[in-house]
Each structure stands twice: as structure tokens, then as C-alpha cells.
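Asker: Okay, sequence plus prediction incoming.
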Amino acid sequence: MSGGLVALLDDVAAIAKLAAASIDDIGAAASKAGVKAIGIVVDDTAVTPRYVTGFTPDRELPIIWRIAKGSLRNKIVFILPVALLLSQFLPWAITPILMLGGAYLCYEGAEKVYEAVFGHAQSAVETGAVQSSTEREEQMVAGAIRTDLILSAEIMAISLAEVADQAFVARALSLVVVAFLITLLVYGVVGVIVKTDDVGLRLARSGLGAARAFGRGLVRGMPVIMAALSVIGTAAMVWVGGHIIVAGLEEFGVAGPAHVLHELAVGAGRALPVISGLSQWVVETVGSGLVGLVVGLILVLLLHLRPKKPGQH
């Protein structure tokens, strides 16, 4: 009897050790996957603040919370099951789907550039259809979640590639960990960014001289930072979209664009050996951005030049 109990305890201990090892493996895999996706995380963080611009301070965090929930839903409910099933049964289909998403990002970014140069379409106020703050909030949240879907798909795809050698369950759990951690990171940082001016205003009203000066500096500086983030966010969409398209073309055997960018980057690295890594990254990033901008502008022009239906403005 005692022998059987000891054997049972040994089995339980072995199972516990195996479970602990599995958790360690999942944590390590998730960490590796998250590090590979960090570049897209930066893009996602830069894109999001523009969706809360123009709202009253009391609505900023609720809007970010709504977008964060939508982002997590994108990753867990929509992207994760599709990515796992495709990786298991149709791995070749992931790349063209990502390329379509990349083209959408290029379009979104290029449309901002087009509107900055040629002016934007008439707003709801200009056309007489005045939007309430609630309607505008719904519109902005929906737009943010749509854009996040593409960026989240890229994050999950990169992460999936890093854990492709794991068993199916470990792969799924690793991606769940990545989804939660990256969503928390992105929207936590976004929350800090958009509330910094409120913190600055409180400091500016405090009685301490140094704190008041620092607070006034934050208040004056945040509009500049938000404007810069809007530009960075637009550039990020074009850059990420262009990178997805270039990488996808290379995977399908059209290696010309990727080869040209690589050669230019290597040349820049040789010309500037002291900052070789940085110069190569800059050249490849700018090159991907130019590809994305060209693709996006083509899509924008096609949509703007398409015949309009009678009564359509």
C-alpha cells in the first residue's frame, strides 16, 4: 500500500516537473516571439494615439480601453485560430493574406499623404451631416480596431514563425501569452502618452516652482509630440505595409525588390562602417517605406479616380 502511494507520488512529482518544464518552454518561446515582433509593436504604439486626438480628456482612456479590448479580440478570437489552422493545414496561404493586409496599410498611410497634399474630402460637418461626439467616437474606435487587425496579424505571424517548431498546444499557448503581453504593452504606453498633458496641467497648478515649470513644459510639448506621433504613425503604416509586400514577393520568387534593398543597405553599411548596423536598418526601412508609399498611392489614385455613382460626392 505504502509502496503504491510512493509510486503515485513519484508519478505526480514527475508530472509536475514536466508541467513546469512545459511552462518554462512556453515562456521562453513567447519571449522569443515577442522580441521578434517588437518592431511592429513600436508601429502599433505610434499609430494609435491619433485616434484619440480631438476628444475631451475624460474620454481618452475609455477610448483607449475600447481599442485595447478590440485589439485583444482581434488577436485571440480572429487571428489566433486562423493562424494556427493555416499553419497546420495551409501554411502557404499565410503570406498572401498578410500581403493583402500590407496593401491595406499602404493604402491607409498613403491616403493620409494624399489628403495632406491635395486636401481631404468634405467632412460630415461640411456636407451637413453633423456627427455627434458619440458617433465620432464609434467611427474612430472602429477605424482603430480595423488598422490594429492588420498590425496584430503581422505581430502574430512573426511570433508564429518563431514558435513553428513547437507542438500545437505549446504554439497556441505561446501566442496567447504574446497577444496579452503585447496588447498590454502597446496600450499601456499609449495611455501614458495621451494622459501626459493632463499630468503636466496638474503639475503646472501645484505650488512647487520646479514642478510647475516642468508641468508647463509638458503641456506645451505634448501637442508637438502628438503631431509627431501622427506623422510617425502614418510613416509606420507605409513602412510596415511595404515591408510585408517586399517580403511576400521574395517568398513567392520575386526577389528583385528585396535584393535591391539588401544591396543598398549593405552598400550603406560599408560606406559608414562606424554605424554599419544603423545605416543598413535606415536604408532598408526607407526603401520599404518608399515601396509602401508607391503601392499605397496607386491604390489611392485608383479609388479616387474610379467612376462615381450618381449623387455620390
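Answerer: Now that the structure is in, tell me what you want to look at.
Asker: Which parts of this structure are helices?
Answerer: 2-36, 38-47, 57-73, 80-89, 94-118, 133-162, 168-204, 209-251, 256-271, 276-305 (DSSP state H).
Asker: Show me what counts as buried in the fifth one.
Answerer: It refers to helix 94-118. Along helix 94-118, these residues count as buried under the neighbour rule (16 or more other C-beta atoms under 10 Å): 94-95, 97-99, 101-114. Heads up, the C-betas are built off the backbone N, CA and C, glycines and all.
Asker: Which of the helices of the chain comes out lowest on mean pLDDT?
Answerer: Mean pLDDT is lowest for helix 2-36 out of the helices of the chain, coming in at a mean of 45.
Asker: Contacts for stretch 225-245 next, please.
Answerer: Residues from elsewhere that reach stretch 225-245, judged by C-beta atoms under 8 Å, 6 or more residues apart in numbering: 40, 42-43, 46-50, 53, 98-99, 101-110, 112-113, 147, 150-151, 154, 193-194, 196, 285, 287-293, 295-296.
Asker: Chain neighbours aside, what residue packs nearest to Leu299?
Answerer: Tyr107 (4.4 Å; C-beta to C-beta, 6 or more residues apart in numbering).
Asker: quick one: the one you found and Leu301 touch, right?
Answerer: No - between Tyr107 and Leu301 there is no contact under C-beta atoms under 8 Å: 10.5 Å.
Asker: Report the separation between His243 and Glu111.
Answerer: For His243, the distance to Glu111 equals 19 Å [C-beta to C-beta, to the nearest Å].
Asker: What of Ile298?
Answerer: 12 Å.
Asker: do Ser71 as well
Answerer: For Ser71 relative to Glu111 (C-beta to C-beta), the value is 22 Å.
Asker: ok, now Gly209?
Answerer: In terms of C-beta to C-beta, Gly209 sits 46 Å off from Glu111.
Asker: For the nearest residue to Ala157 once chain neighbours are set aside, give me its contacts.
Answerer: Sequence neighbours aside, Leu98 is the residue nearest to Ala157 in space, at 5.7 Å (criterion: C-beta to C-beta, 6+ apart). With contact taken as C-beta under 8 Å, 6+ apart, Leu98 is in contact with 153-154, 157, 244, 248.
Asker: again, but for Ala153
Answerer: With C-beta under 8 Å, 6+ apart, Ala153 has these contacts: 74, 79, 83, 97-98, 101.
Asker: 7 Å instead?
Answerer: With contact taken as C-beta atoms under 7 Å, 6 or more residues apart in numbering, Ala153 is in contact with 79, 98, 101.
Asker: okay, those in a markdown table with distance to Leu305 next?
Answerer: Below are those laid out as a markdown table (distance: C-beta to C-beta, whole Å):
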| residue | distance to Leu305 |
| --- | --- |
| Ile79 | 33 |
| Leu98 | 27 |
| Gly101 | 24 |
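Asker: Looking at these, spot the one nearest Phe89.
Answerer: Using C-beta to C-beta, Ile79 is the member of these that lies nearest Phe89, at 16.1 Å.
Asker: how much space is there between the nearest residue to that closest one once chain neighbours are set aside and Gly101?
Answerer: Spatial nearest neighbour of Ile79, chain neighbours left out: Met156 (4.9 Å); criterion: C-beta to C-beta, 6+ apart. According to C-beta to C-beta, Met156 stands 11 Å off from Gly101.
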